[in-house]
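Visitor: Provide a 3D model corresponding to the input given below.
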Amino acid sequence: MTSIGSSTMHKVVSKNSSSKAPTPVRKKKPPMGGGSGGSMSRSGSGGALSQMGAAKRTPGSRTPRTPGGGRAIEKPRGAAAPIQPATLSAPEAARLAMIPLEDALDDIRSLVLLASGGRPGGGAGLRAPHTASTSRMRMGAAGDVAVCVATLGPRRTLLPAGVSKKMGEALRSAGRNAVPPPGREGALFMLRALCEQCGAPAEPHVVPLLPCVLLECGHGSGAVRDAAEDAARALVALAHPRAIVPLILPALYRVLGRRESDWRTKHAALRLLIQLAAREPAIIGRALPKIVPSVSAQVWDTKQQVVRAAHDALLACCLCNNNTDVAPAVPAVVNAIMKPTETVAALEKLMATTFVSAVDSSTLAVLCPILSRGLKEKMALNKRMASIVIENMSRLVNRPGDVAPFGPLLVPELRRVVENVQFEDMRDVAMGALKTLTTALGHASVEAAVAAAMTMEAEELAKEQAAIEAERAENDQIEADRRKQEEEEKRQWKEAMDAQRELDRLAEIELKEKVEAENLVKELAKTYVKGKTGKCQGCGLKKCPKGCLFY
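Guide: Presented below is the predicted three-dimensional model:
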């Protein structure tokens, strides 16, 4: 209902002075917890609910945005507290070094079994976790295992005690032999505890398990998903910088590139990229030519959580670029990658950029997707802006190898602009950009650049086709193995059913023979006149006289 202002109310009262005076407006009550008394906060403090109310979004507030107009990076789920041991402290764990190594390894095996959800000495392992085990118990046991390993050394304990083997079995198992969720959660707890307690000495044993941990981020159990996310963050925080490019990034690319990956797994991989960008910006900046295409493909995902995480990861990674000229335009470029309708705004931002620093492959990886899209715009003015930016950028390329991967993306589009645009001045601008780009690519003529671009494009298509064929062959092999397994299960089931039918038939025959034997005994008992004592049931004598009924 529309409220009446004070000036309007004054006019109404002055016009109708003889009418009834207006009802005074009631004052609103202060919010709960806002005053000093009457607080209803759960913790008992007077300002808890007031702070909570202040943190809520008001109707006039907006989502925080970056200076370039894009959405700000969202905060991830809060980091879990470090895992603490349940029974072993540092002095108690130091006593393990005083006892024989085999006895210490037996104690570690018992703790591993307890962390996996089993009971030491009860014969229950990872594949048969104890139902009474809780997450708190498994986490405490994992902390005990990590303290023991840190005290005795990973080289002396992880392999001899079977800790690495147990974690690998729990995380790699699948299908009918899959480890239950409690066992998987316990393995992830041990993995995170080793990262937190042991540090760098445990890195060779835990970092190779990152692909398995990422797959667990899409598990059906919420507890397993949370444990997997915490373990993945601990792994990335522990990994050596030299392991990022050969081990961690390929695992993330593999998750983002697979169509059948769960959306939670993709979300976790994107959050790890943000963590890597904050930790090692120089390494991520050099890896942008591979990161940008892989993350940009997630923009069209059906899950909004993945789309938002892709925006955050793309913004965080692109800000790792060391080119100070492009840095102010990065938020607008990322926003244009997320929303194609913002391409013109990004081109205008780039038009206002003065290129002074040298342009390398990471800078080209950030700008080329938008420039290629700008060359495909319907309006010739937008194509002209893209051509000018390409020409200015190409003049500062020092090495042809930096721009070579992006030649197939820009050269054909510039050639189409030169051939199809009807305005002569715009064709001249596009031709100048094409010649400058040709020089940056290291070719003698435009025709050579176009031919090289077409060759590289054909090679890329061949690689993509080969990858598609390999993926199809892998899927066919998986389908064939699944069909073979189903046929084997059907055969075993048929054999089991036939054996059961035969057993039922034999049991039925045996029961029939038994019933017939019992009936025969009953018939014989009816015709036999002697009792158990041997006397006749009619006369009571052992030898019946002539007058007996049974004589």
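Visitor: for this protein, what helix or strand is lowest in average pLDDT?
Guide: Lowest mean confidence among the helices and strands of the chain (mean pLDDT, DSSP states H and E): helix 48-55, at a mean of 36.
Visitor: after that helix comes which helix or strand?
Guide: helix 90-94 (DSSP states H and E).
Visitor: mind showing which ranges of this protein have poor pLDDT?
Guide: 1-78, 90, 119-132, 175-176, 444-446, 526-529, 531-532, 537-538, 549-551 (pLDDT under 70).
Visitor: which strands or helices does the helix or strand encompassing residue 334 pack on?
Guide: Following DSSP H and E, one finds residue 334 within helix 330-338. Applying 3 or more CB pairs under 8 Å, 6 or more residues apart in numbering; DSSP states H and E, one finds that helix 330-338 contacts helix 304-318, helix 343-351, helix 361-375. The way it works is simple: take the backbone N, C-alpha and C, and place the C-beta from them, glycine included.
Visitor: mind checking which of those is nearest residue 170?
Guide: Comparing the helices and strands packed on helix 330-338 by their distance to residue 170 (CB to CB), the top pick is helix 304-318, with 26.8 Å.
Visitor: buried sites along that closest one?
Guide: For helix 304-318, burial by neighbour count (16 or more other CB atoms under 10 Å) applies to 306-318.
Visitor: adding distance to residue 338, write the residues you listed out as TSV.
Guide: Output for the buried residues of helix 304-318, formatted as TSV (distance: CB to CB, whole Å):
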residue	distance to residue 338
306	12
307	8
308	10
309	12
310	8
311	5
312	11
313	11
314	8
315	9
316	14
317	14
318	12
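Visitor: so what does the nearest residue to residue 307 once chain neighbours are set aside have for phi and psi?
Guide: Spatial nearest neighbour of residue 307, chain neighbours left out: residue 301 (5.6 Å); criterion: CB to CB, 6 or more residues apart in numbering. Reported as degrees, to the nearest 10, the phi and psi values for residue 301 are phi -70, psi 150.
Visitor: can you tell me how far residue 301 is from residue 400?
Guide: Between residue 301 and residue 400 the distance is 35 Å, computed by CB to CB, to the nearest Å.
Visitor: between the two ends of stretch 355-368, how far is it?
Guide: One end of stretch 355-368 to the other measures 15 Å (CA to CA, to the nearest Å).
Visitor: can you list the neighbours in contact with that stretch?
Guide: 285-286, 288-289, 291-292, 318, 320-326, 330, 333, 350, 389, 392-399, 401-403, 405-406, 409-410 (CB atoms under 8 Å, 6 or more residues apart in numbering).
Visitor: go again using 7 Å as the cut-off
Guide: Residues outside stretch 355-368 that contact it (CB atoms under 7 Å, 6 or more residues apart in numbering): 285-286, 288-289, 292, 318, 321, 323-326, 330, 333, 350, 392-393, 396-398, 402-403, 406, 409-410.
Visitor: if we can go back for a sec, nearest to residue 441, out of the helices and strands packed on helix 330-338?
Guide: helix 361-375 (11.6 Å).
Visitor: and the helix or strand following the closest one, what other elements does it pack with?
Guide: Next helix or strand after helix 361-375 toward the C-terminus (DSSP H and E): helix 380-394. Applying 3 or more CB pairs under 7 Å, 6 or more residues apart in numbering; DSSP states H and E, we find helix 380-394 packed against helix 343-351, helix 361-375, helix 407-420, helix 424-441.
Visitor: which positions in the helix or strand that helix 380-394 is followed by come out as buried?
Guide: Once the chain leaves helix 380-394, the next helix or strand it forms, by DSSP H and E, is helix 400-403. Neighbour-count burial for helix 400-403, counted by 16+ other CB under 10 Å, picks out 402, 403.
Visitor: just stretch 101-113 next, same as before
Guide: Buried, per 16+ other CB under 10 Å, within stretch 101-113: 104, 105, 107, 108, 109, 110, 111, 112, 113.
Visitor: just give the nearest non-adjacent residue to the first one, would you?
Guide: Nearest non-adjacent residue to residue 104, counting by CB to CB, 6+ apart: residue 96, 4.5 Å away.
Visitor: I'd say that neighbour and residue 152 touch.
Guide: Yes - look at residue 96 against residue 152 with CB atoms under 7 Å: they come within range, at 6.0 Å.
Visitor: which element is residue 156 on?
Guide: helix 154-157.
Visitor: narrow the contacts of stretch 355-368 to just the buried residues.
Guide: Looks like the contacts of stretch 355-368 have 285-286, 288-289, 292, 318, 321, 323, 325-326, 330, 333, 350, 392-393, 396-397, 402-403, 406, 409-410 buried, using 16+ other CB under 10 Å.
Visitor: pull the distance from the helix or strand containing residue 456 to the chain's centre.
Guide: Taking DSSP H and E as the definition, residue 456 sits inside helix 446-527. Here helix 446-527 shows a centroid-to-chain-centroid distance of 31 Å under the convention CA atoms, centre = their mean, to the nearest Å.
Visitor: now do that helix: which elements does it pack against?
Guide: So helix 446-527, by 3+ CB pairs under 7 Å, 6+ apart, packs with helix 407-420, helix 424-441.
Visitor: and residue 533, which of those is closest to it?
Guide: Closest among the helices and strands packed on helix 446-527, using CB to CB: helix 407-420, at 112.7 Å.
Visitor: can you tell me what sits against the closest one?
Guide: Contacts for helix 407-420 (CB under 7 Å, 6+ apart): 368, 371-372, 375-376, 383, 387, 390, 427, 430-431, 433-434, 437, 441, 449-450, 452-453, 456-457, 460.
Visitor: for stretch 339-346, same thing?
Guide: Contacts for stretch 339-346 (CB under 7 Å, 6+ apart): 332, 333, 335, 336, 370, 373, 374, 377, 382.
Visitor: show me what counts as buried in that stretch.
Guide: 342, 343, 344, 345, 346.
Visitor: for stretch 436-454, same thing?
Guide: 436, 437, 438, 440, 441, 442, 443, 446, 449, 450, 452, 453.
Visitor: hmm, back to that, which one among the buried residues of helix 304-318 gets closest to residue 210?
Guide: Checking the buried residues of helix 304-318 one by one against residue 210 (CB to CB), the nearest turns out to be residue 313, at 16.7 Å.
Visitor: follow-up on the earlier one: export the helices and strands packed on helix 446-527 to CSV and tack on distance to residue 547?
Guide: Formatted as CSV, those follow (distance: least, CB to CB, whole Å):
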stretch, distance to residue 547
helix 407-420, 126
helix 424-441, 135
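Visitor: nearest to residue 137, out of those?
Guide: Checked against CB to CB, the stretch from the helices and strands packed on helix 446-527 lying closest is helix 407-420, at 55.1 Å.
Visitor: the closest one to helix 424-441, inter-axis angle?
Guide: 150 degrees (axes from the mean of the first three to the mean of the last three CA atoms, to 10 degrees).
Visitor: which ones are touching residue 79?
Guide: Contacts of residue 79 by CB under 7 Å, 6+ apart are residue 233.
Visitor: could you measure from it over to residue 487?
Guide: 48 Å.
Visitor: next one: residue 530
Guide: 66 Å.
Visitor: same check, this time on residue 481
Guide: Distance from residue 481 to residue 487, by CB to CB: 11 Å.
Visitor: residues that sit against both of residue 96 and residue 152, list them.
Guide: Common neighbours of residue 96 and residue 152 (CB under 7 Å, 6+ apart) are residue 104.
Visitor: now the helices and strands packed on helix 330-338 as JSON lines including distance to residue 516?
Guide: Supplementary listing: those in JSON lines, determined by distance: least, CB to CB, whole Å:
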{"stretch": "helix 304-318", "distance to residue 516": "73"}
{"stretch": "helix 343-351", "distance to residue 516": "92"}
{"stretch": "helix 361-375", "distance to residue 516": "88"}
